[in-house]
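In: Pasting a predicted model and its sequence here:
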Amino acid sequence: MMNIRSAPAVRYEMVDGTALIAIDNPPVNASSHDVRTALLEAVRQAEADEAVDAIAIFGAGRTFIAGADIREFGKPPKDPILPDVNNAIEACAKPVIAILHGTALGGGFEVALAAHARIALPGTQVGLPEVTLGVLPGAGGTQRAPRLIGIAKALEIITEGRRIGAEEALEMGLIDRIAEGEPRDVALEMAEEVRQGNLGTRRTGELQVSPDDAAIADVSERLKAKQAHLFSPHKAVEAVAGCTGPLAEGLAQERALFRQCIESPQRAGLIHAFFAERAVAKIPEAGATPRPVAGAGVIGGGTMGSGIATAMLLAGLNVTLVERDEEALARGRASVEGNLAQAVKRGKLDEAKRAAILAERLKATTDLGALAEADLIVEAVFEDLEVKTELFARLDAIAREGAVLATNTSYLDVDRIAAATSRPQDVVGLHFFSPAHVMKLIEVVVGDKTAAEVVATGFALAKRLRKIAVRAGVCDGFIGNRILAHYRKSVDYLMMDGATPQQIDPALTGFGFAMGPFAVSDLAGLDIGWATRKRHAAMRPAEERYIPIADRICEEGWFGRKTGKGFYVYPQGGKPEPNPEVARIIDEERAKAGILPRNFEDDEIVDRYMTAMIAEAARVLEDGIAQRPIDIDAVFLFGYGFPRFRGGPLHYADTLGAKELVARIERYAEEDAHYWQVPPLLARMAREGTRFADMNEG
Ligand code: T1G
């Protein structure tokens, strides 16, 4: 065995004529500058070594290269850039094989495409997910993938950015073989297969590809319809379209288009969203040991309770569902069964598993005592402080020592609920978002006395449910609903002052929201907002502008989609139309208030809406309810349909700058000084020239 030379991030070994190049850059072998430099040098060294007649590249640790190092995006590129490394691999005079395992994605899979053959271990996933990060395969993927699988298939996997399992990749022609064993052993075995002529090798770039203008036109049409507001998928199609010419020209065009994507604000937003999803787990209690949770209790089988129970069952937990009487229990159980049937329909679960879950892991009872042994109990009963404190007092007498007692309240005071027990340290808020078995966000609401390992248990449960937990402090509405309650008023004011719901909603979907605020209210049920406004009535400051339009709609019994009428009317199976009655009510209320309606441009609608959201988010930060701006971004990205390519409200705020935001608020304050107030944090940022991004470290 020849000498082993090592370089940062790459290990080089020569064994019986095979050069073994192991990428070793934990945690995911991202192709950082060190990796690219050492990989290129190792390939050159192997090519020059007469004793070498085959070269194998594989990953150490849990995966092959999982992509470019996205922390380098936005910084000046440092040679060797990955396209150059891949071109050297492809041009190598000796056979180069790539042994894939784990998740060979993006630039990692592009290294594999430049190799002369690709072998995957079972369970490997490959893919070109760059568009999900606002870029495109920029290291040869748009040129080499079509040469292996044709333009149509390449366009599909590149514009969808999906992961492809080893079997499907083999069938498509993206890989050449699936082999069992450790990557290093498979590398030696496959090198021998090449020597024996049992494994063909060829340069992907030399393969011909047939033009397919129809596929390009189809995808372009689809993207225009579905993703008009996104930037990189269209550029990816343009890059692939160049693959029928000489490789060098196609690669040059790909590089130019990739650089355009790198410079786009959408890339910054999507990368921020990628890191936000992971940053939120960095909490003060991260070092605490979560309590084990095998069996959970869910109290309340309504929409939330049955959704929570479903999410837990799908994650493998045993669940005891408790309701107050047989009739409610039957409804709750039926909701869980319905949710699971939907999961089967969507292909998320097979029929046998569904049956097994219902037979073995779901218990339903009206006896609260059945929760005596539960490791964690979540209540999702009626949103009333008295009801919840009474229930927690009962649980205190029933639950075993060390059980985590969680409330799913969406705004009530978790400390008041905890105080109803002798164990406030075991009480935490787990605010799920509806539908609880679909929405990714959970706000973990930490009470004054909540123990660190109880917080850690909430985060561990969220991970197990494949959800994203964000740490929140106690206040009315925690992070998301508190901010929503504030900025939602901005559109009521706009409606009162001259805009209409059917102008406001499209202005905001044009910004990137999946739905406008009035359509969302109709979907959620106008009665919910009505109840919130009634709850706040006693505390509402006299100076606050109150808009009675939604109340009047509710007084007519129009609660939105569920009653067929709200801000919009919902004809059976037809498209929603503006409710003409609402226009009448708006006119009446404007007349009563002596308001002469004025015109609003879409941009001003968006500016007011976003400025109100950012202002309240700044106050949530000042009050310590959210740890960092990135936590608030995560709440809105994963709980409120905030457009992912914008990165979240505070990432978006940084694109405007604190000075601009303060100026806007001061301008709007001339109409309404109570609603439009400059948060001290924002004023300070404007003075100091700082950004929310500066507060995300640590
Ligand atoms: N670059 C830098 N850091 C990365 C990274 C990457 N590509 N991928 C993951 N990390 C960090 C992540 O932030 C976390 O850090 C830790 O690794 C574990 O990640 C030229 C331009 C690979 C499936 O899109 O999908 O190649 O929080 O918690 O759940 O054409 O990470 O511990 O500090 O997610 O096991 C294309 C992105 C890039 C893959 C593993 N590649 N990564 O999931 O662990 S663009 C991707 C993932 C590109 C080329 C273009 C997942 C994973 P920390 P994790 P995981």
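Out: Perfect, thanks for sending it.
In: start to end distance for stretch 134-144?
Out: This stretch, stretch 134-144, spans 20 Å end to end (Cα to Cα, to the nearest Å).
In: For it, which residues meet the burial criterion?
Out: 134, 135, 136, 137, 138, 139, 140, 141, 142, 143, 144 (16 or more other Cβ atoms under 10 Å). (Each C-beta comes from the backbone N, C-alpha and C, glycine too.)
In: Was I right to think residue 645 contacts residue 511?
Out: No - in this structure residue 645 lies outside contact range of residue 511 using Cβ atoms under 8 Å: 10.6 Å.
In: Just the endpoints, please. Distance across stretch 255-271?
Out: Note: stretch 255-271 ends 19 Å apart using Cα to Cα.
In: Please renumber the chain so that the first residue is 285 from this point on.
Out: Let's use 285 as the start, then, which means that last one is stretch 539-555.
In: so does that stretch get close to the ligand?
Out: No - judged by Cβ under 6 Å from any ligand atom, stretch 539-555 stays clear of the ligand, getting no closer than 7.1 Å.
In: which of the residues in that stretch are buried?
Out: 539, 541-542, 544-546, 548, 550-555.
In: Point out where this protein drops to low pLDDT.
Out: Along the chain, the parts satisfying pLDDT under 70 run over 285-291, 982.
In: Next to the ligand in this structure, residues from it, please.
Out: Contact residues (Cβ under 6 Å from any ligand atom) of the chain with the ligand: 311-312, 314, 350-355, 366, 387, 389-391, 394, 413-414, 417, 419, 421-423, 425, 562.
In: Just the residues you listed: which are in helices?
Out: 366, 391, 394, 425, 562 (DSSP state H).
In: tell me which of those is nearest to residue 963?
Out: Distance to residue 963 across those (Cβ to Cβ) is lowest for residue 562, with 27.4 Å.
In: So what's the residue count around the closest one?
Out: By other Cβ atoms under 10 Å, 11 other residues sit near residue 562.
In: repeat for residue 458
Out: Residues lying near residue 458 (other Cβ under 10 Å) number 27.
In: Equivalent analysis for the one 10 residues further on, please.
Out: As a burial measure, residue 468 scores 17 neighbours (other Cβ under 10 Å).
In: Buried residues in the helix or strand hosting it, which are they?
Out: Using DSSP states H and E, residue 468 falls within helix 467-479. Across helix 467-479, burial judged by 16+ other Cβ under 10 Å covers 467, 468, 470, 471, 472, 473, 474, 475, 477, 478.
In: Helix or strand next in line after that helix, which one?
Out: In the C-terminal direction, the helix or strand that comes right after helix 467-479 (DSSP H and E) is helix 497-510.
In: So what touches that next one?
Out: Residues outside helix 497-510 that contact it (Cβ atoms under 8 Å, 6 or more residues apart in numbering): 435, 436, 439, 440, 443, 514, 517, 518, 521, 524, 525.
In: What sits closest to the third one if chain neighbours are left out?
Out: Excluding its sequence neighbours, the residue lying closest to residue 439 (Cβ to Cβ, 6 or more residues apart in numbering) is residue 503, at 4.7 Å.
In: Around that neighbour, how many other residues sit close by?
Out: 23.
In: For the ligand, give me its nearest residue in the stretch 535-684 of the chain.
Out: residue 562 (3.9 Å; Cβ to the nearest ligand atom).
In: Next one: that residue from residue 915, what distance?
Out: For residue 562, the distance to residue 915 equals 12 Å [Cβ to Cβ, to the nearest Å].
In: Which single one of the buried residues of stretch 539-555 is nearest to residue 827?
Out: residue 553 (36.1 Å).
In: give me the element the closest one is part of.
Out: Short version, using DSSP H and E: residue 553 is in helix 549-563.
In: Need the contact partners of that helix.
Out: Contacts to helix 549-563, defined as Cβ under 8 Å, 6+ apart, come from residues 354, 357-358, 416-419, 514-516, 545, 752, 912, 914-915, 917-918, 921-922, 927-932, 935-936, 939, 980.
In: now stretch 800-815
Out: Residues contacting stretch 800-815 (Cβ under 8 Å, 6+ apart): 772, 775, 785, 788-793, 799, 834-835, 837-838, 842-846, 850-852, 854, 860, 893, 925.
In: Could you rerun that using 6 Å?
Out: Contacts to stretch 800-815, defined as Cβ atoms under 6 Å, 6 or more residues apart in numbering, come from residues 775, 785, 789, 792-793, 838, 843-846, 850-852.
In: From residue 696, how far off is the residue nearest to residue 907 when sequence neighbours are not counted?
Out: Excluding the flanking residues, the one nearest residue 907 by Cβ to Cβ, 6+ apart is residue 759, at 6.5 Å. Residue 759 is 11 Å from residue 696, where distance means Cβ to Cβ.
In: Equivalent analysis for residue 360, please.
Out: For residue 360, the distance to residue 696 (Cβ to Cβ) stands at 51 Å.
In: got it, and residue 801?
Out: Separation of residue 801 from residue 696 (Cβ to Cβ): 24 Å.
In: got it, and residue 667?
Out: Distance from residue 667 to residue 696, counting by Cβ to Cβ: 7 Å.
In: Those two - which one has more neighbours?
Out: Legend: neighbour count by other Cβ under 10 Å for residue 667 and residue 696, higher for residue 696 (21 against 17).
In: For stretch 826-846, buried residues please.
Out: 831, 832, 833, 834, 835, 836, 837, 838, 842, 843, 844, 845.
In: just stretch 524-535 next, same as before
Out: Buried residues in stretch 524-535, counting neighbours by 16+ other Cβ under 10 Å, are found at 524, 525, 526, 527, 528, 531, 534, 535.
In: Am I right that residue 748 is in contact with residue 601?
Out: No - counting by Cβ atoms under 6 Å, residue 748 does not reach residue 601; the two are 7.7 Å apart.
In: So for those two, which sits in the more crowded spot?
Out: residue 601 (20 against 15).
In: Quick check: the more buried one vs residue 523, distance?
Out: Residue 601 is 45 Å from residue 523, by Cβ to Cβ.
In: what's the answer for residue 841, then?
Out: Between residue 841 and residue 523 the computed distance is 55 Å (Cβ to Cβ).
In: Residue of the stretch 785-934 of the chain nearest the ligand, please.
Out: In the stretch 785-934 of the chain, the residue that lies nearest the ligand is residue 914 (11.8 Å; Cβ to the nearest ligand atom).
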